[in-house]
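Enquirer: What follows is a predicted protein model with its sequence.
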Amino acid sequence: MFEQIVLGMIQGITEWIPISSKTCVILAKIHLFKSHASANELLSYALFLHLGTFFAAVIYFWQDIVEIIKAIASPQKPSSDGRKILIFLLVTTILTGLGWILNHKLAAITQSFPRAQVALMSVIAGLLIVTGFLQIKTKTTGKRTPTDLTIKDGLFAGLAQALATLPGMSRAGTTMATLAFLNFDKEYTLKLSFLMSLPVILVANILMNYKAFLTLGIEWIGVATSFVVGILSIRAIMAFARRINFGGFLIFIGTLLAIAIMIRAID
C-alpha cells in the first residue's frame, strides 16, 4: 500500500509540470521499490496511474468538457468555442496516436541514444526560456484563446504531443512550449495542454489496461492517490500561473525542465 501511495503522489505532482511523469513513476518503481517488471509492464502501470490525474483534470475543467459535449450534441453551431476545442482535440489525438505507433517501433532505438533525448528536451527548455524572456522584454503576452483555435494549431500541437511519446520526453513541457510559441494566453496554454492529454490517456488505458478495469487490485490505491494529489497540484499550478507574468511563468517551467535534464544527465 505504501508503494502505491508514493507512486500515486509522484504521478499527481509530475503530471502538470514539464518533466515526464511516466519516467518519474517508472524510475521510482525501479530504484525505490526494486521492481523487476518488464518495460511493457512498467509502462502499463505508469499509464494506469494516469487515470487518477485524468479524473482530476476532468473535474477541474468540467465546464470546458461540458461545452465540448454540447458541441457534439449541437453540431449546427460551428463557431462555438466548445466545437473549436473539440476539433482541436480530435486533430491532436489522431496525430498523437499515429506518433505513438511510429515511436513505439522506434522506442528501443531511441533508448539507445540518450543524448538525442537530452538534446530534444534541451531545445524545448531553451524555447520556453527564450520565449519567456522575449515576452518580458517586449512587454507582450500571449493573447489567443480557444476562440482563435484553428486546425493548423491542432496540427502543430498534435505533432508536438506525438513527439512527446518518445521515451523520457515531457508531454507537458513539449505541448506548453508549442502553445506558447503559437501565442496562446497563459491560462489557455495550460488548459489546452492538459485537455490534450485526456483522450490520449483514456484511449491508451483502454488498449493497454482494459483488464485492470475489471479488477479491484491494489493499483487502484495509487490511482486514488494520484487523483487527490492531482486535484491539489493542478489548482496550485493554475493559481500560480494567474499570479505572475506569462514570460516569467515560461521561464519558470523552462528552468524546471532544464533542471530535470541536468539531473538526468548526471544519472
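Expert: Thanks, I have the structure now. Numbering: from 1, shown residues only.

Enquirer: and the residue lying closest to His50 once chain neighbours are set aside, how many neighbours does it have?
Expert: Spatial nearest neighbour of His50, chain neighbours left out: Ile201 (4.6 Å); criterion: CB to CB, 6 or more residues apart in numbering. Where C-beta positions appear, they are placed from N, C-alpha and C, glycine not excepted. Ile201 has 20 neighbours, counted by other CB atoms under 10 Å.

Enquirer: which SS class is Ile201?
Expert: helix (DSSP: H, G, I helix; E, B strand; the rest coil).

Enquirer: quick one: the helices in this protein?
Expert: For the chain, the helices defined by DSSP state H occupy 2-14, 21-31, 39-60, 62-73, 81-111, 114-138, 151-163, 171-181, 186-209, 219-243, 246-266.

Enquirer: Between the ones you listed, which one is closest to Thr145.
Expert: helix 186-209 (5.3 Å; CB to CB).

Enquirer: what are the C-alpha coordinates of the closest one, in PDB please?
Expert: Backbone C-alpha positions of helix 186-209 (Å, rounded to 0.1, in the frame of the first residue of the first chain) are rendered in PDB as follows:
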ATOM      1  CA  LYS A 186      -1.000  31.700 -20.400                       C
ATOM      2  CA  GLU A 187      -4.200  30.200 -18.800                       C
ATOM      3  CA  TYR A 188      -5.200  28.600 -22.100                       C
ATOM      4  CA  THR A 189      -1.700  27.400 -22.800                       C
ATOM      5  CA  LEU A 190      -2.100  25.300 -19.600                       C
ATOM      6  CA  LYS A 191      -5.700  24.400 -20.200                       C
ATOM      7  CA  LEU A 192      -5.200  23.200 -23.800                       C
ATOM      8  CA  SER A 193      -2.100  21.300 -22.800                       C
ATOM      9  CA  PHE A 194      -4.000  19.500 -20.100                       C
ATOM     10  CA  LEU A 195      -7.100  18.900 -22.100                       C
ATOM     11  CA  MET A 196      -5.000  17.400 -24.900                       C
ATOM     12  CA  SER A 197      -3.800  14.700 -22.600                       C
ATOM     13  CA  LEU A 198      -7.300  13.400 -21.600                       C
ATOM     14  CA  PRO A 199      -8.400  11.500 -24.800                       C
ATOM     15  CA  VAL A 200      -4.900  10.100 -25.200                       C
ATOM     16  CA  ILE A 201      -4.700   8.800 -21.600                       C
ATOM     17  CA  LEU A 202      -8.200   7.300 -21.900                       C
ATOM     18  CA  VAL A 203      -7.500   5.500 -25.200                       C
ATOM     19  CA  ALA A 204      -4.100   4.300 -24.000                       C
ATOM     20  CA  ASN A 205      -5.600   2.700 -20.900                       C
ATOM     21  CA  ILE A 206      -8.400   1.100 -22.800                       C
ATOM     22  CA  LEU A 207      -5.900  -0.500 -25.100                       C
ATOM     23  CA  MET A 208      -3.300  -1.500 -22.600                       C
ATOM     24  CA  ASN A 209      -5.100  -1.800 -19.200                       C
END
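
Enquirer: Give the buried residues for that helix.
Expert: Neighbour counts over helix 186-209 (16 or more other CB atoms under 10 Å) mark 186, 188-201, 204-205, 209 as buried.
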